[in-house]
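Asks: Model the structure of this input:
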Amino acid sequence: MSRWRRRLTGSALAAIAMVLLSPGVAGAEPGVPVPPNDLLTDTGKGDVSEADRDFVVKVRLAGLWEMPAGELAQDRSNSRRIKSIGRDIADQHQELDELVRAAAKKLDVALPDDPNKDQQGWLDEMREAEGTEFDQIYIDRLRAAHGKIFPAIATIRASTRNDTVRKLAQRANQFVMTHMTLLESSSIVDFAALPTAPPPAPAAASGAGATTQVVPAANLSTPGPSMNLSLLVVIAVAGLGVAVFVTTRLVRNLGSGRHRRATPS
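Replies: Next up, the predicted model:
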């Protein structure tokens, strides 16, 4: 009986070790989901605020200068990577521009046909530069612009009451995230030049006499692979204990049955 118990226990430990040491379990990172845009309606239903209208205009303005900026990247840059980034962003803005024009028509929002004064100035900078100087201006200007519209999109996506604006904001967010990633893949973004985020506002007290509870910083961090692995170990040990207990009871019951059958009545 002890020999079978040792074999069962050894097999259980080996199986648990294989699971815990598997790279796919210990270091797995789930895929990033893509928001299901088709689940959102796009009928123009819902009140349209001034912020909504301003957002639609800003999306249009972004394309009006980033599309010609992408074309300039083909002529003024000597870097294959910068040319590729410029071409991809310009092509994607053409698609986004179709979306924003359709939304504006549905909502009766007047759209501009030319970049604003600041955007014209950025384009003029690019026209006067070439080579690595152009690359730096192109990447920094576009990255800074995307950083400004990024929080604006989040605000509209979270607050708008109009379903067409909501869907446009969700789609625009996906484009902006892609463009920021493409720009940063150039490895020449001047992150030190980006504006500093404002300090967080102090948390409001929930009631009179409320006290602030200090939470250790370690408790605020997102659990990493090491914590996940520790949790797996605890679960595995608990499961092993249950398995050994059940196996022991089963072996004892089998032994008792054999003993009763072997004893004369």
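
Asks: Might one say that Ala193 is in contact with Asp140?
Replies: Yes: between Ala193 and Asp140 a contact is recorded at 6.6 Å, counting by C-beta atoms under 8 Å. For glycine as for every other residue, the C-beta is placed from the backbone atoms N, C-alpha and C.

Asks: Comparing the two, which shows the higher neighbour count?
Replies: Asp140 (20 against 9; other C-beta atoms under 10 Å).

Asks: May I see the buried residues of the helix or strand harbouring Ser84?
Replies: Remark: Ser84 resides in helix 80-107, with elements defined by DSSP states H and E. When burial is assessed from 16 or more other C-beta atoms under 10 Å, helix 80-107 yields the following buried residues: 82-86, 89-90, 92-93, 96-97, 99-101, 103-104, 107.

Asks: Mind listing what's buried along the helix or strand just after that helix?
Replies: The helix or strand immediately downstream of helix 80-107 is helix 117-127, counting by DSSP H and E. For helix 117-127, the neighbour count (16+ other C-beta under 10 Å) marks Gln119, Trp122, Leu123, Met126 as buried.

Asks: now these in JSON lines, with distance to Pro151?
Replies: Below are the buried residues of helix 117-127 laid out as JSON lines (distance: C-beta to C-beta, whole Å):
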{"residue": "Gln119", "distance to Pro151": "19"}
{"residue": "Trp122", "distance to Pro151": "20"}
{"residue": "Leu123", "distance to Pro151": "24"}
{"residue": "Met126", "distance to Pro151": "25"}
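
Asks: roughly how far apart are Thr132 and Pro35?
Replies: If you measure Thr132 against Pro35 using C-beta to C-beta, to the nearest Å, the figure is 37 Å.

Asks: tell me which residues in stretch 173-189 are buried?
Replies: Neighbour counts over stretch 173-189 (16+ other C-beta under 10 Å) mark Asn173, Phe175, Val176, His179, Met180, Leu182, Leu183, Ser186, Ile188, Val189 as buried.
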